[in-house]
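In: sequence unknown, structure follows:
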DNA sequence: TATTGTTATACTCTATAACTATA
DNA sequence: TATAGTTATAGAGTATAACAATA
């Protein structure tokens, strides 16, 4: 008889891929994004998109849902549930729009500003953890190189400055 | 009467975010991943995950679906539809497993190898486009820094070498 | 009894298209 | 007639649990 069977072992990647900036960027970006999402969830119970809207509101108060959604590349129907959730948490509020009674003027509450501050701290902690393997010089170098790539991406018409592309469909 | 109304204008991001490696990585990684996906789709009609499985098969032939899925972090039920799709395209085949009649030995076909080669060319083209804004030295620098971060990520137990984390849930 | 592949089901997320009230 | 917000419906993608064949 044959000896007791063990489950099929997974094949080991020999790693026969030539070093690629594109692959590493995509791979690392995905991991970092997940880690950031976990940190925000743990620290303030915010989803990445909720964090994104709060960040935008800190810069631009009193705009309509449509205007906000246009910047974030989020369609109107999804803006409803997004604003609903944050309003239910008491972090933002729908006030009457001064010039248009169809629209809401969306703005941060005091609790929302506080939550945003806490969220930023959590984000900085992730930033520090991510960059831990790098020296200060290396981090500055990397920051410069990534900024250059992001700049080129923008000039090709890819995305909105400071807005994560995953806001639109993630 | 009031003058004709124009739609609410979207707020402009002032960009008040401190420069962050984590944010830039996540943002750029997302964009690059999308671009890579489009390129593969256009060149060979492959989804990113299909490309990932073909790449793995090029390194490790004749393994069971479960073993492959374990490496790629793809659960068995999704492996079925993934293998189905590629088999329907004629790029891989399910052969009888030499030691286990429950399992299939999954392997590349000649057409699969050809498709993989074409896909790699498309990927290299994206790599070149992404890195266009950088000098040769800068690209080497960036490659080194990203590799360092990826290495640290691996040592923290995050992921499988050479396997994109988006394979598991994307 | 455990494992390979498969299928069925429910659940989440998203996109499309309507609908209301205002302009 | 067009816009802001909302709702309803259907579709894609995923996870969970069961299933038949084989070990």
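Out: Cool, got the structure. This is a predicted model, so every value here is computed, not measured. Residues are numbered from 1 along each chain as shown, chains lettered A, B, ... in the order given.
In: C-alpha only now, for contacts and for neighbours.
Out: Noted.
In: who touches the longest helix anywhere in chain A?
Out: Once chain A is assigned using DSSP state H, the helix that runs over the most residues is helix A:21-44. Contacts made with helix A:21-44 from outside it, assessed by Cα atoms under 8 Å, 6 or more residues apart in numbering or on different chains, are listed as A:46-48, A:115, A:118-119, A:122-123, A:126, A:130, B:22-23, B:25-33, B:126-127, B:130-131, B:139, B:142-143, B:146-147, B:149-150, B:158, B:164-166.
In: try 6 Å this time
Out: Residues from elsewhere that reach helix A:21-44 (Cα atoms under 6 Å, 6 or more residues apart in numbering or on different chains): A:46, A:48, A:119, B:25, B:26, B:29, B:33, B:127, B:143, B:164.
In: And the residue positioned nearest the centre of chain A, how close does it get to residue A:167?
Out: The central residue of chain A, meaning the one whose C-alpha is nearest the mean C-alpha position (Cα atoms, centre = their mean), is residue A:48 at 4.6 Å. Counting by Cα to Cα, to the nearest Å, the gap between residue A:48 and residue A:167 amounts to 8 Å.
In: ranges for the helices of chain A?
Out: Counting by DSSP H, the segments of chain A that form helices are A:21-44, A:48-59, A:65-72, A:76-88, A:110-131, A:136-155.
In: Mind checking these for the one nearest to residue B:93?
Out: Shortest separation from residue B:93 across the helices of chain A is recorded for helix A:21-44, at 27.0 Å, computed as Cα to Cα.
In: how much does the closest one deviate in direction from helix A:110-131?
Out: Direction vectors for helix A:21-44 and helix A:110-131, defined by axes from the mean of the first three to the mean of the last three Cα atoms, to 10 degrees, enclose an angle of 140 degrees.
In: could you check the angle helix B:136-155 makes with helix A:21-44?
Out: Counting by the same axes, to 10 degrees, helix A:21-44 points 50 degrees away from the direction of helix B:136-155.
In: Pull out the buried residues from helix A:21-44.
Out: Residues of helix A:21-44 classed as buried by neighbour count (16 or more other Cα atoms under 10 Å in any protein chain shown): A:21-33, A:35-41, A:43-44.
In: returning to that earlier point: ok, so of the contacts of helix A:21-44, who is nearest DNA strand D?
Out: The shortest gap between DNA strand D and any of those belongs to residue B:164, at 12.9 Å (Cα to the nearest atom of the strand).
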